[in-house]
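Trainee: Predicted model and sequence below, questions to follow.
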Amino acid sequence: MTDAPNPPAFPVAGNENTFSEEGMLLRDWFASQVIGSLCNQLLSKDAVAQAYHLADLMLAERIKP
């Protein structure tokens, strides 16, 4: 896993009467987007690991200047 920031993908701000809902993390959302293109391969542990590896690369790319 990368050391890049992994913020909530779809945060919902709360107020004094409600709790904020962070939703899924951005890494999980990136991985879910990548897994669709990997489904052309037989879905396996390797495809899932590759999806999260690509998600980590996307998180790292976001913090580059």
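Mentor: Sure thing, it's come through.
Trainee: Please make it C-alpha for all contacts and neighbour counts, starting now.
Mentor: Will do.
Trainee: Tell me which helix or strand comes right after the lowest-mean-pLDDT helix or strand in the chain.
Mentor: Lowest mean confidence among the helices and strands of the chain (mean pLDDT, DSSP states H and E): helix 26-38, at a mean of 78. Next along the chain after helix 26-38, taking DSSP states H and E as the criterion, comes helix 45-62.
Trainee: so for that following helix, what's the average pLDDT?
Mentor: Mean pLDDT, helix 45-62: 84.
Trainee: about what we covered before: contacts for the least confident helix or strand of the chain next, please.
Mentor: 6-9, 47-48, 51-52, 54-56, 58-59 (CA atoms under 8 Å, 6 or more residues apart in numbering).
Trainee: try 6 Å
Mentor: Asn6, Pro7, Pro8, Ala9, Ala51, Tyr52, Ala55 (CA atoms under 6 Å, 6 or more residues apart in numbering).
Trainee: What about Phe10, how many residues nearby?
Mentor: Phe10: 13 surrounding residues under other CA atoms under 10 Å.
Trainee: And Asp46, how far from Pro65?
Mentor: Asp46 sits 31 Å away from Pro65, going by CA to CA, to the nearest Å.
Trainee: Look at those two and report which has more neighbours.
Mentor: Neighbour tally, Asp46 and Pro65, criterion other CA under 10 Å: the higher count belongs to Asp46, 10 against 4.
Trainee: And the more buried one, how close does it get to Ala31?
Mentor: Taken as CA to CA, the span from Asp46 to Ala31 is 13 Å.
Trainee: before we move on, what about Arg62?
Mentor: Using CA to CA, we find Arg62 at a distance of 15 Å from Ala31.
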